[in-house]
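In: Take a look and give me a structure for this.
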Amino acid sequence: MTQHNKKTRETQLSRRLRRAINQEAHELIKKDPTLGRVKALKTARQIVIARERKNPHRKRIRELTEPELRAVKRSETCSVAEQRAIRNIPAIQWLVAYLLTAGRTRPFLNRLLVTAALFEMAFTVRPEFRFVFSRFRSGDSINWAHGSPQGPFTIEANYHALRRVTDCGKSGATIHINLDLLDQIAATKVAGELRFPNFGRFCAIDGTLIEANVPQTLPRMRSPRARKTLIREIAGKHRRMADMVFHGFGKHSDAIDDQPEPGLTIRKSCFGYNLVVISCLDTCLPVIWTLMPATGNEVAAARELIEALFELRPDFPMEYLVGDGLYNRGFEFPSTLYKNYGIHLVSPRTNRKSKSEWADSDGVPRCPHGLMKFTRHGEVWDAAKRRAHGIRPGNLPPNGKGLNPRLRFECHEEVCREKSTRMEDDWILHTFLPHIGQDKWAALREVLLARRNTSESLFAQLKQLGVGAKWPNRARWATDNGMRWLTSLALLNMTARKLVHLDGSYAAALKDAYSAGIITRQQMHRFLEVEGIETDSRSRADDTRPVAPSTWNDWIELPIDREFLATPVDAYSDIPYGSNKSEK
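Out: Below you'll find the predicted structure:
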């Protein structure tokens, strides 16, 4: 590690400590409003430092799992040069050609402007097609970034072409490209060492609600079937996947089968979609994703994403999957992850009702001397061991080996006999990484749960771009297929953006922008100074031939290519609300 990177990492650690202290002080003031800011900060600092010292392995584990390099701020980069560098990536050139031929046997060059506008809406500006169309008609820099695209002159013809492009092409093509770009990022080195040594090993999964261009008011009707019928009428024929969901205080509803209870405070509601993303914690980039109705089952979507990922990349090095409490509500998902893929689910414990003897101590056995110390695992067939024995993802180990690992604990005073637990007894309580303890495995669980916000940072970027924003910045033109393409391109852009900053393509595009008169010399030097990343100064400007993704085939159907339709109207009861009769 270079001296510059070491200083940067130390700065990040101090910033994280300050954020933890400020957050703890905020919680103390919420509990006691009479507490002053200075006293709250002092008390919070003592609490945070005591928490840091609680597990001696936590600081070292946190440093080992710290992301090496984060994305450059958009405010400190030239968006035109970035867009030009991204468009010069051979795989992105192939994607443009794919969109031009969607639904046709030969390229339809009249779609160039529409394709460029779709990329622009997903990459840099709010997804308002009329606004982007006017920018292409009046701006030289945006035309230069996209190669001076041509298309219909009327806005109506462009709307028709946009609908045709998004309806005919498979948005799953972006996932194939994203995986190839991630492979290039994972192979980058600094001073002969991999820049991202933990690439793919630690992953996170989460979902976010995205509004459709429909009224967001919760409809109240006489019966569940009448309300669902109204919801389908509001969504229309081009948004058959959009659905209404609400979350209330003290109540979580994955589907609206009931009228909200009288006096229930609705915390969050959405009429639209749910975007589920698996991301890499080391690169802070998306890996694979899917879009489903807002009432969809995230756990079912997660199973399909894992299956599709290992179908495309059988050697993907995932060992831990970090999620919130939603993915830990039953034994099926964590059991399937481990038995079929050797992946350990890391999520907060939500099920407090357990028949285990050690449920009160979060799965860690006790002895007369207190909580026992975790020592070692039994026979565990994790992802690395499965790859070493040539077991294909999705298959069980031979002869049922390692399907029920043993977790062994011993007394701190080394007086009492060793005790052990079995993961098969309770997959939520007896996890591979203990919930509490002084060992490095418990510290790893604590650190990974803290890094789960990587998914939230991706969703924050989507909302900043307008892709997942609320009205009036939401995509008014987007149908179900339009939202698939818009969200997929926005996530693909995050990966492509980091790649062009790593391999020198962005620096070369800046120089090209200066040569074309798009930016001044002062702007070029200012942006290059902000860049500050060691690169090989290699440009793709001389080689922009389209290259198809390594796993691309028309017959491959990813989860995002499938039509996740909302629950049929006939599945709901027509018995009026408030009736004493059963609604099922």
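
In: now the strands for the stretch 101-250 of the chain?
Out: Assigned by DSSP state E, counting those that start in this stretch, the strands in the stretch 101-250 of the chain fall at 189-190, 193-194, 202-211, 243-248.

In: Tell me which of the ones you listed is the most buried.
Out: Greatest average neighbour count among those goes to strand 202-211 (a mean of 23), per mean count of other CB atoms under 10 Å. In this view, the C-beta of every residue, glycine as well, is placed from N, C-alpha and C.

In: A186 and T65: what is the separation?
Out: For A186, the distance to T65 (CB to CB, to the nearest Å) stands at 16 Å.

In: what residues go with each domain of this structure?
Out: 3-54, 74-189+477-561, 197-339, 345-446 (automatic domain parsing).

In: residue contacts, the most centrally placed residue in the chain?
Out: The chain has V277 as the residue nearest its centroid, 3.5 Å off, counting by CA atoms, centre = their mean. For V277, the contact set (CB atoms under 8 Å, 6 or more residues apart in numbering) comprises 205-208, 286-289, 455, 458-459, 491.

In: do H389 as well
Out: H389 makes contact with 397-398 under the criterion CB under 8 Å, 6+ apart.

In: any idea which of the contacts of V277 is the one closest to F316?
Out: Comparing the contacts of V277 against F316 with CB to CB places V287 closest, at 8.1 Å.

In: just to revisit the earlier point, right, so of the domains of the chain, which gets closest to R60?
Out: Among the domains of the chain, domain 345-446 sits nearest to R60 (CB to CB), with 7.9 Å.

In: Now do the closest one: distance to the chain's middle.
Out: The chain centroid and the centroid of domain 345-446 are separated by 27 Å, computed with CA atoms, centre = their mean, to the nearest Å.

In: Show the pLDDT at the residue lying closest to G437 once chain neighbours are set aside.
Out: Computed as CB to CB, 6 or more residues apart in numbering, the closest residue to G437 that is not its neighbour in sequence is F374, at 5.3 Å. pLDDT for F374: 84.

In: Next, find the distance separating F374 from R220.
Out: Where R220 is concerned, F374 sits at a distance of 52 Å (CB to CB).

In: Quick check: closest non-adjacent residue to the residue in the chain sticking out farthest from the centre.
Out: Centroid-distance maximum for the chain: V415 at 46.7 Å, with CA atoms, centre = their mean. Distance criterion CB to CB, 6+ apart; nearest residue to V415, sequence neighbours excluded, is H369 at 6.8 Å.

In: same check, this time on T124
Out: S79 is the one closest to T124 (CB to CB, 6+ apart), at 5.0 Å.

In: measure the one you found to K73 for me?
Out: Relative to K73, and taking CB to CB, S79 is found at 12 Å.

In: Count the residues that sit near C367.
Out: By other CB atoms under 10 Å, 18 other residues sit near C367.

In: Tell me who's in contact with it.
Out: By CB under 8 Å, 6+ apart, the neighbours of C367 are 411, 416, 419.

In: again, but for E456
Out: D206.

In: Shouldn't it be within a strand?
Out: No: under the criterion used here (DSSP: H, G, I helix; E, B strand; the rest coil), E456 is helix, not part of a strand.

In: Start at 415, not 1
Out: That works, and once the first residue is 415, the last one we named lands at E870.

In: what's the pLDDT at it?
Out: pLDDT, read off for E870, is 84.

In: Let me know whether L879 touches A536 as I believe.
Out: Yes: the pair L879 / A536 is scored as a contact, 7.4 Å apart, by CB atoms under 8 Å.

In: what residues are shared contacts of these two?
Out: In contact with both L879 and A536: A904, using CB under 8 Å, 6+ apart.

In: count of neighbours near R743?
Out: R743: 13 neighbours (other CB under 10 Å).

In: Can I get the contacts of C781 in a markdown table including neighbour count, distance to E570 and pLDDT?
Out: As requested, the contacts of C781 are exported to a markdown table (neighbours: other CB atoms under 10 Å; distance: CB to CB, whole Å; pLDDT from 0 to 100):
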| residue | neighbour count | distance to E570 | pLDDT |
| --- | --- | --- | --- |
| C825 | 19 | 78 | 86 |
| C830 | 16 | 80 | 87 |
| K833 | 17 | 73 | 88 |
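
In: could you dump the residues you listed to CSV with secondary structure and distance to F567?
Out: As requested, these are exported to CSV (DSSP: H, G, I helix; E, B strand; the rest coil; distance: CB to CB, whole Å):
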residue, secondary structure, distance to F567
C825, coil, 81
C830, coil, 83
K833, strand, 77
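
In: Good, we can wrap up now.
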